[in-house]
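A.B. asks: Got a sequence here, can you model it:
(chains A, B and C)
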Amino acid sequence: MDIAAGVQACLPIRSDMDLVWVRQHVRQAAAQLGFGLVDQTKLVTAASELARNTLVHGGGGQMETAHVVSGRVHGLRLTFRDEGPGIADLERALSDGYTSGDGLGMGLGGARRLVHDFALDSAPGAGTTVTVTSWASRPPRPREVI
Amino acid sequence: MVGNAIEELNRVPEQEAVGQQGSPAREVGDFLHRRREQIAQRWADETLFRTVFTVSRDEAVEAGRVVVDALAQVAVSGRAADPEAGGFLVVREQLSRMGAARTRTGLTPSQVSNDVDALRPPVLDLLLADLPDAPADLLRESTTLLTVLMGTLRLVVMETALNEGQALIDRQRLQLLEVATPVIKLWDGIVAVPLIGTLDSARSQVVMEALLEAVVDQQARFAILDITGVPTVDSLVAQHLMKTVAAARLMGAECVVSGIRPAIAQTIVHLGLDLGTVVTRATLADALAHALRKLGVGIVTPSAGGVGER
Amino acid sequence: MTDGFSRPAAGHVPVLRLGDVLLVTLQGDLYDSTAEQLLQDIGEAIAGDRATGVVINISGVEIVDSFLGRVLAEIAAKARLLAAQTVVAGMRPAVAITMVELGLTLPGLRTALTTEDALRLLGATDPVLRPGGTRPGSP
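C.D. replies: Model prediction:
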């Protein structure tokens, strides 16, 4: 449906110094695409959560950014990839309060609430890939079920 | 630009198998190339070109030539049914201007569509006149191809015109959201948004951001969300209200929700939402009194014979 | 902000003493290690200076993720154990909205709009007037 305009950047995630670069890179890319301040902040925060997951649970990896277009709407897609141990129970990993390390257990589930599209692909021993997309002028979000 | 299009036209058949000698694509491409001038002349007198290019007929003819070149290029490339075909890119801006000009005069989309469709018969007539001795198959396929091509042109014009309209709607929607969200300062340290009308998700988000910005700008320790004028709220909006309250708290301000109508209170109960952590007041006046009291501002009613009299 | 990357603040975040209150100002993007170090520094500072309050001004912070959220919550918990109160001041609207969406509402933390408001909240009125910051009745 949407057309990826190609990978724009690929950043390593090997240390907490890299987390800072990831945040600053995402902030700048989102600003360039015309994201509002709140949407920028949400996406950068999600990127920070996911990059830290990649670092802490995946043993390091990388983040790719891509500029995507759907109709007249521009977006930013971030892909976090690691070759770590993977996740066995995806459903549980996305629930609030779940954690296998430090933090408040908000990592994956929290990051999902901060972006428009979220995809998690992982299996034990096969590493983890998380892909998130946010759109500059947000399309109406689907109604949440309480 | 025209020269480039022709160059393109001459180059493409050698690269692609579609435009072989005797094929409908080649036939239509050649025809458009050959009859470019006549087609442009006839189009210049059609409603679409007459109404868009009101001043000079020459301008209309020139615009027509460019469109014919684009059609020829698309025909030869074998993508007659594809609005995204490269040839259309060259004329997209011009077509959008034409479509927009017609839409602005108050025409409905179907009227504009008819205007573009009116360009088809003159071209088809010319094609039929040009191929009197062609085999029946080739003739049929060529006319079909030309018809498809003109249909795609119609689609491109409509699409660009609609995009223009959508962009206008988006701009106006944003303006409306801003106008409908006046954050007012009630007192030193107290800001309020009186909301009127239906709250949807997008508007609740604008309200939330505007109110929290005002909290910072005005250094307001109290923010009042007055929803007296809101007929109903759905679960998403109720959640937004609660998020606003929570965000205000994180910033060091207290958000009071006032004017919750009985129907809305009922909805909130039905939805199972817990407003326990939210400070609510019946009216905006009550909310203001609550904030003033907490700020330590006293209100004294002047007694008879006091300040009120001269 | 958009032109070029700002250098992240590395190393120590200074912990200032203002009367009975410790004042910390966070600025820009922090390394995880810097935040961890701050947690330790504040703990030591409260114990050493016998402070009764901690004010953390985060008006210069552009995002608070769950890691920094946890550090703030731990500072408050640690301070509470040492009988000091913690107030987080100056959070930006975009940061607050994002934290709420993330599910971080920091229930144990007190908040204020500005450092002045935070000091008022801690009852440390005009600490500047009491140079040295000696508490009445301190030995």
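A.B. asks: In which helix or strand does residue C:47 reside?
C.D. replies: Assignment of secondary structure by DSSP states H and E places residue C:47 within helix C:32-49.
A.B. asks: neighbouring contacts of that helix?
C.D. replies: If you take Cβ atoms under 8 Å, 6 or more residues apart in numbering or on different chains as the criterion, helix C:32-49 is touched by A:16, A:19, A:52, C:9-13, C:15, C:17, C:22, C:24, C:26, C:51, C:54, C:67-68, C:71, C:74-75, C:78-79, C:82, C:84. The way it works is simple: take the backbone N, C-alpha and C, and place the C-beta from them, glycine included.
A.B. asks: if you set the cut-off to 6 Å instead, what comes out?
C.D. replies: Applying Cβ atoms under 6 Å, 6 or more residues apart in numbering or on different chains, the contact partners of helix C:32-49 are A:16, C:13, C:15, C:17, C:22, C:68, C:71, C:74-75, C:78-79, C:82, C:84.
A.B. asks: quick one: the next helix or strand after it to helix C:32-49, angle?
C.D. replies: Of the helices and strands lying after helix C:32-49 in sequence (DSSP H and E), the nearest is strand C:53-60. Here strand C:53-60 runs at an angle of 150 degrees relative to helix C:32-49 (axes from the mean of the first three to the mean of the last three Cα atoms, to 10 degrees).
A.B. asks: Isn't residue B:190 up against residue B:221?
C.D. replies: No. Using Cβ atoms under 6 Å, residue B:190 makes no contact with residue B:221, being 7.6 Å away.
A.B. asks: So these two - more neighbours on which side?
C.D. replies: A direct count of neighbours by other Cβ atoms under 10 Å in any protein chain shown for residue B:190 and residue B:221 places residue B:190 higher, at 24 against 21.
A.B. asks: Can you pull the phi/psi pair for that one?
C.D. replies: Main-chain dihedrals, residue B:190, degrees, to the nearest 10: phi -130, psi 120.
A.B. asks: What of the one 4 residues further on?
C.D. replies: The phi/psi pair for residue B:194 (degrees, to the nearest 10) reads phi -90, psi 110.
A.B. asks: burial of it, as a residue count?
C.D. replies: Residue B:194 has 18 neighbouring residues, counting by other Cβ under 10 Å.
A.B. asks: Which residue, neighbours along the chain excluded, lies closest to it?
C.D. replies: Ranked by Cβ to Cβ, 6 or more residues apart in numbering or on different chains and with sequence neighbours excluded, the top spatial neighbour of residue B:194 is residue B:226, at 4.6 Å.
A.B. asks: show me where pLDDT drops low in the chain?
C.D. replies: Since you didn't name a chain, this refers to chain A. By pLDDT under 70, the weakly predicted segments of chain A are A:1-7, A:96-106, A:137-146.
A.B. asks: I was thinking of chain C, sorry if that wasn't clear
C.D. replies: By pLDDT under 70, the weakly predicted segments of chain C are C:1-11, C:124-139.
A.B. asks: where's the residue nearest to residue B:194, which helix or strand?
C.D. replies: Assigned by DSSP H and E, residue B:226 belongs to strand B:222-229.
A.B. asks: Could I get the full set of helices for the chain?
C.D. replies: All of this is about chain A. A:16-32, A:37-56, A:90-93, A:107-114 (DSSP state H).
A.B. asks: Can you look at chain B instead?
C.D. replies: B:2-15, B:24-34, B:36-44, B:47-52, B:57-77, B:86-104, B:109-117, B:120-130, B:136-179, B:201-217, B:235-251, B:262-270, B:284-295.
A.B. asks: before we move on, what about chain C?
C.D. replies: With DSSP H as the criterion, chain C has helices at C:32-49, C:66-81, C:93-102, C:115-121.
A.B. asks: follow-up on the earlier one: what angle do the helix holding residue C:47 and helix A:37-56 make?
C.D. replies: With the same axes, to 10 degrees defining the directions, helix C:32-49 sits at 90 degrees from helix A:37-56.
A.B. asks: and the stretch 101-250 of chain B, which of its residues are near chain C?
C.D. replies: B:212, B:213, B:219, B:243, B:246, B:247, B:250 (Cβ under 6 Å from any Cβ of the partner chain).
A.B. asks: Buried ones among those residues?
C.D. replies: Neighbour counting over those (16 or more other Cβ atoms under 10 Å in any protein chain shown) leaves B:212, B:213, B:219, B:243, B:246, B:247, B:250 as the buried ones.
A.B. asks: Now do the contacts for residue B:228.
C.D. replies: Residues in contact with residue B:228 (Cβ under 6 Å, 6+ apart) are residue B:259.
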